[in-house]
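[1] Build me a model from this:
(one chain, ligands or ions: 1)
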Amino acid sequence: MDDRPGESEPYWIERPRSRSAPSERRFLYRGELLAFTVDAGVFSSHGLDPGTALLIENLGVRPDDRVLDLGCGWGPVGVAAAKAATRGRVVLTDVNRRAARLARANLARNGILQAEVRVGEDFAPVAAERFDLIATNPPYRIGRPRILDILTRAFDHLAPGGRLVLVGKGSQGIRYYQEWLEEHWAGPVTVLARGSGYRVLEARRPAAATLGAGGTERPRPARAGVGAVSRSTAGRSA
Ligand SMILES: C[S@@+](CC[C@H](N)C(=O)[O-])C[C@H]1O[C@@H](n2cnc3c(N)ncnc32)[C@H](O)[C@@H]1O
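    Numbering: from 1, shown residues only. Below you'll find the model as predicted:
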């Protein structure tokens, strides 16, 4: 699918310049028809991305979950998560201000009160906060080192027992990221779903009680991990 909003403008810039052209999209989630406004200059402005759809279907949000939707775009993941986390709380973040505005409007449009949208890069908008679930269709186009940095830092933003759930397809290097997580993540890594070339991966932070006396609480440092993995997988494309 084409994830570029225009010929010359990437979707992950702070202030898109492409002319605004709002339109309407809807999708069913848990029997409820959710309604969205989308626009040019944001990811998947033509409708729900198939990878995002697979991610949403497999999130397994619980009613009390505190959820982070990192890179929310126009908000499909965060809105769906908030519909499921009825007693929880959802934070949606994006670097793209137009995307953040749309996501905010889409929360209101779907009657969601326990969620908020923040603008910023990576984990900057959530500083020291921890979540039960970090859900993301990551911005693969920002490059492998930065995606690995996000994966590494996600660990520190998960509560014990919390889950990082991400989606990607073969051409985005999802098998590479799966192997990287299996090698570097200090907890179980599971493939939750596969379909149309996409995989949904879950990386769980162990509950504190399950760590042994010498057990590590963190993934190994990203820099060491990146070097180790890129050497052994040189030549693969993301
Ligand atoms: C692949 S899109 C997914 C959008 C939305 N979650 C969806 O599935 O339709 C990734 C999003 O991440 C945003 N983004 C790019 N770089 C980012 C960063 N460093 N931190 C947070 N968000 C970022 C982009 O603007 C984009 O909206």
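
[2] Would you indicate which residues of the longest strand anywhere in the chain are buried?
    Looking across the chain with DSSP state E, the single longest strand is strand 158-169. Buried residues in strand 158-169, counted by 16 or more other Cβ atoms under 10 Å: 158-160, 162-169. C-beta coordinates here come from the backbone N, C-alpha and C atoms, glycine included.

[3] In TSV: those, plus pLDDT and distance to residue 87.
    Below are the buried residues of strand 158-169 laid out as TSV (pLDDT from 0 to 100; distance: Cβ to Cβ, whole Å):
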residue	pLDDT	distance to residue 87
158	98	19
159	98	16
160	97	19
162	98	17
163	98	18
164	98	22
165	98	20
166	98	25
167	98	26
168	98	30
169	98	33
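
[4] Quick check: buried residues in the helix or strand following the longest strand of the chain?
    Sequence-wise, the next helix or strand downstream of strand 158-169 (DSSP states H and E) is helix 174-184. If you call a residue buried by 16+ other Cβ under 10 Å, then helix 174-184 has these buried ones: 174, 176-181, 184.

[5] ok, back up a step: give me the contact list for the longest strand of the chain.
    Applying Cβ atoms under 8 Å, 6 or more residues apart in numbering, the contact partners of strand 158-169 are 51-52, 54-55, 58-60, 66, 130-138, 140, 151, 154-155, 174, 177, 192, 196-209.

[6] Switch the buried residues of strand 158-169 over to a markdown table; also include distance to the ligand.
    Converted to a markdown table, these look like this (distance: Cβ to the nearest ligand atom, whole Å):
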| residue | distance to the ligand |
| --- | --- |
| 158 | 17 |
| 159 | 20 |
| 160 | 24 |
| 162 | 19 |
| 163 | 17 |
| 164 | 14 |
| 165 | 12 |
| 166 | 10 |
| 167 | 8 |
| 168 | 9 |
| 169 | 11 |
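
[7] where does the most centrally placed residue in the chain fall, phi/psi-wise?
    Residue closest to the mean C-alpha point of the chain, counted by Cα atoms, centre = their mean, is residue 136 at 0.9 Å. Reported as degrees, to the nearest 10, the phi and psi values for residue 136 are phi -160, psi 140.

[8] nearest spatial neighbour of it, skipping sequence neighbours?
    residue 70 (4.4 Å; Cβ to Cβ, 6 or more residues apart in numbering).

[9] what pairs with the one you found across the strands?
    Beta bridges link residue 70 to residue 93 when assigned by DSSP bridges.

[10] for residue 203, same thing?
    The partner residues for residue 203, given DSSP bridges, come to residue 164, residue 189.

[11] Can you give me the neighbour number for it?
    For residue 203, the neighbour count with other Cβ atoms under 10 Å is 26.

[12] Relative to residue 139, how far out is it?
    From residue 203 over to residue 139 the distance is 18 Å, taken as Cβ to Cβ, to the nearest Å.

[13] that older thread, now render the buried residues of helix 174-184 as TSV, adding distance to residue 20 and pLDDT.
    Putting these into TSV (distance: Cβ to Cβ, whole Å; pLDDT from 0 to 100) gives the following:
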residue	distance to residue 20	pLDDT
174	32	98
176	36	98
177	33	98
178	37	98
179	41	98
180	38	98
181	38	98
184	41	97
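
[14] Thanks again, I'm all set now.
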